[in-house]
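A.B. asks: would you be able to build a 3D model of this:
(one chain, ligands or ions: 1)
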Amino acid sequence: MTQTTNIPQLRGLSLQELTALCIELGEKPFRAKQLYEWLYLHRIASINEITNLPSKFLEKLSSIPVSTLTLGDVSESQDGTKKILFTTASGKSIETVIIPSELVGEDNNPKRRTICVSTQIGCALDCKFCATGSMGLLGNLSTGEILDQFIQGEHVAGTKLTNLVYMGMGEPMMNYTNVMKSVDVLTDPTNDMLGPKRITLSTAGVVKNIRRMADEQRKIKLAISLHSVHNHKRSDIMPINDSVPIEQLMETVEYYYCQTRIPVTYEYIVFGEYNTSPADIKRLAKLTRRVPSKVNVIPFHDVDFVRNQADGPALSSATQEQFDNFVYALRAEGVTVMARASSGKDIHAACGQLALSKGA
Ligand code: SF4
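C.D. replies: As a prediction, the model looks like this:
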């Protein structure tokens, strides 16, 4: 088999890039559209599944894999959450989670299936409550590796996926180009994948790229990992807050809303008494009134078994009573609150936990 190109895999290439590839391989440019359909609408796993392209062209293409992401362990939680471990071509582990309808969403859609995809191997931001953060950054995922989590995840789910969140391993805004290229494919109506309103990107606060996303008029939703409303505490658990304090983050959120008119979601993990005082509730409610928004309140997953918290404050899970009281108090302040279940707790479904335990 001759190596015809240095492109590592076909899935992930845009129509424009496939057109360039066709020309490079001596084929007519219009073949690119056919190939694009096979990759994204038909979601092939191998070139052998293509039936309407000339055999000579297929022979040339056969030296480039469709996908390089290898499906590994799939574990299913008692609550129906599925956790998938993939191995990249470089031998690193990444994880993807599929969350069933009853655990997510305000729309009560019984057919809702949300996939949570990773965007990086590890992460540089070192949030103290996150297993991935303790790995450091080992690399960015390619557009194809991000899209393959969705496509292979759909096979694992055995049904169509209805929503996608960029909320797995890594900070998606630190891999902006590849993430947005994956958004372009996912939201291309000819691919029958997802509408932009079904996609949410969660960021710890990379303000430069929040502005860029707003300026580019991306129609996907934005979620902000907030977790504390006081700079000194947020800096203790999220080092990014040292360079982007809450005020700057909120100004950026306002800019995003002014440009897009899309309501914002704040993610708020409840760490016992660390971030649930009456002062926290008042300030959180005040912040959320700056633009139309809602707050996802999430129980803390105990990650002690994979993360040494010696370099951060001692964080503990809230009791159910503490959690419920916090949600109640926030609602009493007029905040729209989604109290998210702690999905997949028994299969280590929190960010980075499985990959870390497998030695990513
Ligand atoms: S929470 Fe997200 S941004 Fe923070 S370290 Fe983990 S993966 Fe990175």
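
A.B. asks: give the contact list for G334.
C.D. replies: For G334, the contact set (C-beta atoms under 8 Å, 6 or more residues apart in numbering) comprises A285, R289. Where you see a C-beta, it was placed from the backbone N, CA and C, and this is true even at glycine.

A.B. asks: can I get the CA coordinates of stretch 235-250 in CSV?
C.D. replies: Extracted as CSV, the C-alpha positions of stretch 235-250 are listed here (Å, rounded to 0.1, in the frame of the first residue of the first chain):
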residue,chain,number,x,y,z
SER,A,235,-8.6,31.3,42.2
ASP,A,236,-7.9,28.6,44.9
ILE,A,237,-9.9,26.0,42.9
MET,A,238,-9.5,27.3,39.3
PRO,A,239,-6.0,28.9,38.7
ILE,A,240,-7.3,30.5,35.5
ASN,A,241,-9.1,33.0,37.7
ASP,A,242,-5.7,34.6,38.6
SER,A,243,-5.5,35.9,35.0
VAL,A,244,-9.2,36.2,34.3
PRO,A,245,-11.0,37.4,37.5
ILE,A,246,-14.7,37.1,37.8
GLU,A,247,-15.4,40.7,36.8
GLN,A,248,-13.6,40.3,33.5
LEU,A,249,-15.3,37.0,32.9
MET,A,250,-18.7,38.6,33.5
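
A.B. asks: flag every buried residue along it.
C.D. replies: Of the residues in stretch 235-250, S235, D236, I237, M238, P239, I240, N241, V244, I246, L249, M250 count as buried by neighbour count, 16 or more other C-beta atoms under 10 Å.

A.B. asks: contacts made by it with the rest, please.
C.D. replies: Residues outside stretch 235-250 that contact it (C-beta under 8 Å, 6+ apart) are 125-129, 204-207, 224-225, 227-231, 234, 271, 287, 290, 312-313, 315.

A.B. asks: re the thing from before, ok, the buried residues of stretch 235-250 vs G26, which is closest?
C.D. replies: Closest approach to G26 among the buried residues of stretch 235-250 (C-beta to C-beta): I240, at 47.9 Å.

A.B. asks: quote the end-to-end distance of stretch 25-35.
C.D. replies: Stretch 25-35 has an end-to-end distance of 13 Å (criterion: C-alpha to C-alpha, to the nearest Å).

A.B. asks: up against the ligand, what does the chain have?
C.D. replies: For the chain, the residues in contact with the ligand (C-beta under 6 Å from any ligand atom) are C123, L125, D126, C127, C130, T132, G133, M169, G170, E171, A204, C351.

A.B. asks: A helix includes I99, no?
C.D. replies: No: I99: not assigned to a helix; according to DSSP: H, G, I helix; E, B strand; the rest coil it is strand.

A.B. asks: tell me, how many residues neighbour it?
C.D. replies: 26 (other C-beta atoms under 10 Å).

A.B. asks: what about the helices in the stretch 151-300 of the chain?
C.D. replies: Assigned by DSSP state H, counting those that start in this stretch, the stretch 151-300 of the chain shows helices spanning 176-186, 207-215, 231-237, 240-243, 246-260, 278-288.

A.B. asks: and the first one, what's buried?
C.D. replies: By neighbour count, and taking 16+ other C-beta under 10 Å as the criterion, the buried residues in helix 176-186 are Y176, N178, V179, M180, K181, S182, V183, V185, L186.

A.B. asks: which of the contacts of stretch 235-250 are buried?
C.D. replies: Of the contacts of stretch 235-250, these count as buried by 16+ other C-beta under 10 Å: 125-129, 204-207, 224-225, 227-229, 234, 271, 287, 312, 315.

A.B. asks: what stretches of the stretch 1-150 of the chain score poorly on pLDDT?
C.D. replies: Along the stretch 1-150 of the chain, segments meeting pLDDT under 70 span 1-7, 102-110.

A.B. asks: can you pull up the bridge partners for T87?
C.D. replies: As for beta bridges, T87 partners with T70, S93 under DSSP bridges.

A.B. asks: quick test: name the residue nearest the centre of the chain.
C.D. replies: Y166 (1.5 Å; C-alpha atoms, centre = their mean).

A.B. asks: so it versus the ligand, what's the distance?
C.D. replies: As judged by C-beta to the nearest ligand atom, to the nearest Å, Y166 and the ligand stand 10 Å apart.

A.B. asks: mind checking pLDDT for the closest residue to that residue other than its chain neighbours?
C.D. replies: Once flanking residues are discounted, Y166 sits nearest to P172: 4.1 Å by C-beta to C-beta, 6 or more residues apart in numbering. Among the per-residue scores, P172 shows a pLDDT of 97.

A.B. asks: so which of the helices of the stretch 151-300 of the chain is nearest M193?
C.D. replies: helix 176-186 (4.8 Å).

A.B. asks: what packs against the closest one?
C.D. replies: Packing partners of helix 176-186 (3 or more C-beta pairs under 8 Å, 6 or more residues apart in numbering; DSSP states H and E): helix 143-157, strand 199-203, helix 207-215.

A.B. asks: of those, which is nearest P299?
C.D. replies: strand 199-203 (16.8 Å).

A.B. asks: look at the closest residue to I151 other than its chain neighbours and give its secondary structure.
C.D. replies: Spatial nearest neighbour of I151, chain neighbours left out: R43 (4.9 Å); criterion: C-beta to C-beta, 6+ apart. With three-state DSSP as the basis, R43 sits in coil.
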